[in-house]
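*Asks:* Predicted model and sequence follow; I will ask about them next.
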Amino acid sequence: MIWLTWRQHRAQIVVTGGLLAALGLLLLGSAVEARLHISEHAPPGCPGTAPSCWDLARALGDRYDAIYTIFGWLPIVAPALIGAFWGAPLLGREYERGTYRLAWTQSISPRRWLTVKLAVLGTLVVVAGLLTSLMISLWRPVFRQDVFGNVGVFNMVGVAPAAWWLYAFMLGTAAGALLRRTLPAMAVVVAVVSVTTFTLFGLSEHYAEPVRTVLRDTTVLADPDARLVSGAWVDPSGRETAAAPAGVCSRPPDAGRSNRNQEAHERCLFGKGYRYAVYHHPPSRFWRFQWTEAALLTAGSLVLAGVTVHRTLRRKG
């Protein structure tokens, strides 16, 4: 049965392996070239967080804009592709072609056929997600250090890619079992993966109670990798207000568009005894958030697998 699974799905496996190899070569080539560029053009102490390193970071951003663009789409596109081209055809294509009647009347029972398919392909999907995570983890530090604060990066490192890809695969399989058509199932995968991504993005703020840090001379946390939740001004009496207080300091009309005027306005408020409270999650919570999100996605995958098995065994004919 495992050999049959390979024979039926070898095109998807080979294409996915080729795409991962191409992604790895792209990341490796850009990382090596970037290190050479940094060694030739970096000021002393860079890369880092010093102001003298900002120009280097901006130059790297311009130089590798195309790669950043590809990477920026990966958190949504990669799971959607797995769900659409691995999950949706698994049962949708069998129903469309009517081949399930032949497959399920042989010596292998429908239950065993489905169990082996889900187990083998699900394991390969998880392994592919972990390999992608490893490649991204090795590539990312060459360019930027922010991992926890950037949700897109967060979803492509650690165990998150494996959980996302498994969820998308099970989603596609369930959609194929319910709709019995491949193309509609693919469309459902793309839509639901997008909705799930933005839902968990908002929900992730509640994985833990945010830390409250009160700043007395700036509105920016020292740690650039912290995940920001919200901010509020604190008046001298200790009351919080989401917006900057009006009437305390003169505010130029373009204060929101000019960094210099905005900074002058903030310095005035700090000088009058105001403080700025930042609610955030520190980078030390990286693995707590990773395992929380992975647990939610794995639970969703198990539910979808249950739906697939139930609908398939119920509608064998």
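*Replies:* Sure, I can see it. Numbers count the residues shown, from 1 in each chain.

*Asks:* Please make it C-alpha for all contacts and neighbour counts, starting now.
*Replies:* OK.

*Asks:* Which element is encountered next along the chain beyond the worst-scoring helix or strand of the chain on mean pLDDT?
*Replies:* Averaged element by element with mean pLDDT, DSSP states H and E, the chain has its least confident helix or strand at helix 100-103 (a mean of 62). Per DSSP states H and E, helix 100-103 leads on to helix 110-139 as the next helix or strand towards the C-terminus.

*Asks:* What are the buried residues along that following helix?
*Replies:* Buried residues in helix 110-139, counted by 16 or more other CA atoms under 10 Å: 110, 113-114, 117-118, 121-122, 125-137, 139.

*Asks:* Using PDB, write out every CA atom in the helix or strand following that helix.
*Replies:* Using DSSP H and E, the next helix or strand after helix 110-139 towards the C-terminus is helix 151-154. The C-alpha trace of helix 151-154 is given here as PDB (Å, rounded to 0.1, in the frame of the first residue of the first chain):
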ATOM      1  CA  VAL A 151       4.500  37.200  12.300                       C
ATOM      2  CA  GLY A 152       5.400  36.200   8.700                       C
ATOM      3  CA  VAL A 153       8.800  35.100   9.800                       C
ATOM      4  CA  PHE A 154       7.400  33.400  12.900                       C
END
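
*Asks:* Give me the contact list for helix 151-154.
*Replies:* 72, 75, 146-148, 160, 201 (CA atoms under 8 Å, 6 or more residues apart in numbering).

*Asks:* so which of the residues you listed comes closest to residue 313?
*Replies:* The shortest approach to residue 313 among the contacts of helix 151-154 belongs to residue 160, at 30.9 Å (CA to CA).

*Asks:* Just the element for residue 214, please.
*Replies:* Secondary structure (DSSP H and E) places residue 214 in strand 211-215.

*Asks:* mind checking pLDDT for residue 137?
*Replies:* pLDDT for residue 137: 88.

*Asks:* Which of the three states applies to the nearest residue to it once chain neighbours are set aside?
*Replies:* Closest residue to residue 137 apart from its sequence neighbours, by CA to CA, 6 or more residues apart in numbering: residue 157 at 6.0 Å. State at residue 157, reduced to three classes by DSSP: H, G, I helix; E, B strand; the rest coil: coil.

*Asks:* Flag the shaky bits of this protein, pLDDT-wise.
*Replies:* Of all residues in the chain, those with pLDDT under 70 make up the ranges 1-7, 41-57, 100-108, 143-145, 251-260, 315-317.

*Asks:* Helices of that one, start to end?
*Replies:* Assignment of helices within the chain using DSSP state H yields the ranges 2-41, 54-63, 65-82, 88-97, 100-103, 110-139, 151-154, 160-179, 182-203, 259-271, 286-314.

*Asks:* The last one versus helix 110-139: what angle between them?
*Replies:* Orientation note: helix 286-314 sits at an angle of 160 degrees relative to helix 110-139 (axes from the mean of the first three to the mean of the last three CA atoms, to 10 degrees).

*Asks:* can you list the contacts of helix 151-154 in CSV and add distance to residue 98 and neighbour count?
*Replies:* Formatted as CSV, the contacts of helix 151-154 follow (distance: CA to CA, whole Å; neighbours: other CA atoms under 10 Å):
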residue, distance to residue 98, neighbour count
72, 39, 14
75, 34, 24
146, 50, 18
147, 47, 22
148, 47, 24
160, 36, 26
201, 40, 14
